[in-house]
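[1] Coordinates for the following, if possible.
(one chain, ligands or ions: 1)
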Amino acid sequence: MEPKSFQLFPEAASSIAGQVDGLYAYLVLVSAFFSLLIAFLVVFFAVKYRRRGNEVPRPVDEHSIGGMVLEIVWSIIPLGLSLIMFAWGASIFFTESRPPADSLNIYVTGKQWMWKIQHTEGAREINELHIPVNRDIRLNLTSEDVIHDFYVPAFRTKTDVLPGRYTTEWFRPTRVGAYHIFCAEYCGTKHSGMIGTVYVMNEQDYDAWLAAGSGEGSMAEQGESLFNQLGCATCHASVLNKQTGRCPNLNGLFGSTVELKDGSKVRFDESYIRESVLYPQSKIVAGYDDIMPTFKGLISEDGLLKLVEYIKSLGPGQGEPGYGSQTSVPPAPTQTSGTPQPPARAGRAAQPKAGNQ
Ligand code: CUA
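    Residues are numbered from 1 along each chain as shown. Okay, the predicted model is just below:
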């Protein structure tokens, strides 16, 4: 990130950046064209139709056909130009809102005033994010305190990071390099210092970096020990505890739709897991009693994410809740029978078949 002499735009380093810049250029050109046109006409008409001597102005014919045509034309053309903005913007918005199913999952927790990042493989970092180039990356974001906003100008993506909720942001970095991370939501005195760096690495460098790891095991493994530590395993059937008990069996549940006591349905996703751990009485699965105690105050946001990863690892694989289970990812093989595998690694293993070879 050497200082550039003069740069109007940040570097474009993601697959969506070109489209965002294209739309931006269109907005600027349309605005500039009409600003100049109107400014010119104001001056031109002021001069051309200025009052000369004692000349009496001619009355305007309100019913002239020419006036009607003019009004229709100057309504239809701007309408069309604005609808192009709307359609183009909406299409980019939809693309940016829907992470591809086989994205690499990374967890980001915002906190006054830092970014804490966890990789499913176990590596953790603060204010730094290491990712491989040319892979779809899906960030799962949440906040420990106030609203933050994860912004990487070079990727042209920006997402609010909210306390008590999971949001997602995805991008596909296309160039190896280091890029700024900003917090784009005023979050207190050191908001401007809540910055960091994304390191986009080639596949080999990334694997080497990842292998250096944390030594604490994958997020799913850490989640599993948390699951046992907190006593979840005494009720919920899981890898260790296969009997179906007083509480729902969590095996193979992730990404599915579950029926609740009141007859409504809910998708079993990250947010539902989080809500069920903190507010277990709010959405009870049909056929079960309201017996689960709350774990609010007993578990951190980071811990919750580990539990989420563990429950994801119980299958049925890398289904991306919220984005349909019509994924292009084949069902993960026998994830429920052995030791839990970090889901993202499985996705990575599948990747070269599709793309790199
Ligand atoms: Cu966090 Cu501003």
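[2] And the average pLDDT for stretch 151-161 is what?
    Mean per-residue pLDDT for stretch 151-161: 93.
[3] List the buried residues in it.
    151-157, 159-161 (16 or more other CB atoms under 10 Å). Every residue, glycine included, has its C-beta placed from N, CA and C.
[4] so how far is the first residue of it from its last?
    End-to-end distance of stretch 151-161: 10 Å, with CA to CA, to the nearest Å as the criterion.
[5] Contacts for that stretch next, please.
    Residues from elsewhere that reach stretch 151-161 (CB atoms under 8 Å, 6 or more residues apart in numbering): 10-14, 16-17, 20-21, 96, 108, 110, 139, 141-143, 147-150, 167-171, 173, 177, 179-185, 198.
[6] Check these one by one and keep those near the ligand.
    Filtering these for proximity to the ligand (criterion: CB under 6 Å from any ligand atom) leaves 110, 148, 183, 185.
[7] burial measure for Asp21, as a count.
    14 (other CB atoms under 10 Å).
[8] Write out the residues of the chain neighbouring the ligand.
    Contact residues (CB under 6 Å from any ligand atom) of the chain with the ligand: 110, 113, 148, 183, 185-187, 191, 194.
[9] Can you name the two of these that sit furthest apart?
    Spanning the widest gap among these are Gly110 and Tyr186, at 12.9 Å by CB to CB.
[10] These two: who's more crowded?
    Each of Gly110 and Tyr186 has its neighbours counted (other CB under 10 Å); Gly110 has more, 27 against 12.
[11] Against which helices or strands is the helix or strand harbouring that one packed?
    Gly110 is part of strand 104-111 when elements are defined by DSSP states H and E. Here strand 104-111 touches strand 114-119, strand 128-132, strand 137-143, strand 148-152, helix 301-313, helix 343-354, going by 3 or more CB pairs under 8 Å, 6 or more residues apart in numbering; DSSP states H and E.
[12] ok so, going back, of the contacts of stretch 151-161, which belong to helices?
    Counting by DSSP state H, the contacts of stretch 151-161 place 17, 20-21, 96 in helices.
[13] If you rank those residues by neighbours, which is first?
    Neighbour-wise, the ones in helices among the contacts of stretch 151-161 (other CB under 10 Å) top out at Ala17, 23 neighbours.
[14] The residue in the stretch 251-357 of the chain that the ligand sits nearest to and Asn127, how far apart?
    Using CB to the nearest ligand atom, the single residue of the stretch 251-357 of the chain nearest to the ligand is Glu301, 14.6 Å away. According to CB to CB, to the nearest Å, Glu301 and Asn127 sit 17 Å apart.
[15] Have a look at the two and say which one is more surrounded.
    Glu301 (19 against 15).
[16] so who does that one touch?
    Contacts of Glu301 by CB under 8 Å, 6+ apart are 109, 142-144.
[17] Model confidence score at it, please.
    pLDDT, read off for Glu301, is 81.
[18] which stretches of this protein form strands?
    Counting by DSSP state E, the chain has strands at residues 104-111, 114-119, 124-126, 128-132, 137-143, 148-152, 157-161, 167-171, 177-183, 196-201, 257-259, 265-267.
[19] quick one, what contacts Ala90?
    So Ala90 contacts nothing (CB under 8 Å, 6+ apart).
[20] roughly how far apart are it and the ligand?
    To the ligand, Ala90 is 27 Å away according to CB to the nearest ligand atom, to the nearest Å.
[21] Equivalent analysis for Leu36, please.
    Taking CB to the nearest ligand atom, one finds Leu36 at 37 Å from the ligand.
[22] Near that residue, how many other residues are there?
    Count around Leu36 with other CB under 10 Å applied: 10.
[23] one step back: looking at the buried residues of stretch 151-161, which one is closest to the ligand?
    Looking across the buried residues of stretch 151-161 and measuring by CB to the nearest ligand atom, the closest to the ligand is Val161, at 7.6 Å.
[24] Give the bridge partners for the closest residue in space to Glu125 that isn't next to it in sequence, please.
    In space, Glu125 comes closest to Ile117 once its chain neighbours are excluded; the distance is 4.9 Å by CB to CB, 6 or more residues apart in numbering. As for beta bridges, Ile117 partners with Val108, Glu125 under DSSP bridges.
[25] where's the residue of the stretch 251-357 of the chain closest to the ligand relative to Val69, distance?
    In terms of CB to CB, Glu301 sits 62 Å off from Val69.
[26] repeat for Leu260
    60 Å.
[27] go on, Asp262?
    In terms of CB to CB, Asp262 sits 60 Å off from Val69.
[28] what do you get for Gly287?
    Taken as CB to CB, the span from Gly287 to Val69 is 69 Å.
[29] ditto for Thr197
    Thr197 is 57 Å from Val69, where distance means CB to CB.
[30] Counting neighbours, what do you get for the nearest residue to Pro173 once chain neighbours are set aside?
    Closest residue to Pro173 apart from its sequence neighbours, by CB to CB, 6+ apart: Val200 at 4.3 Å. Close neighbours of Val200, defined as other CB under 10 Å, add up to 25.
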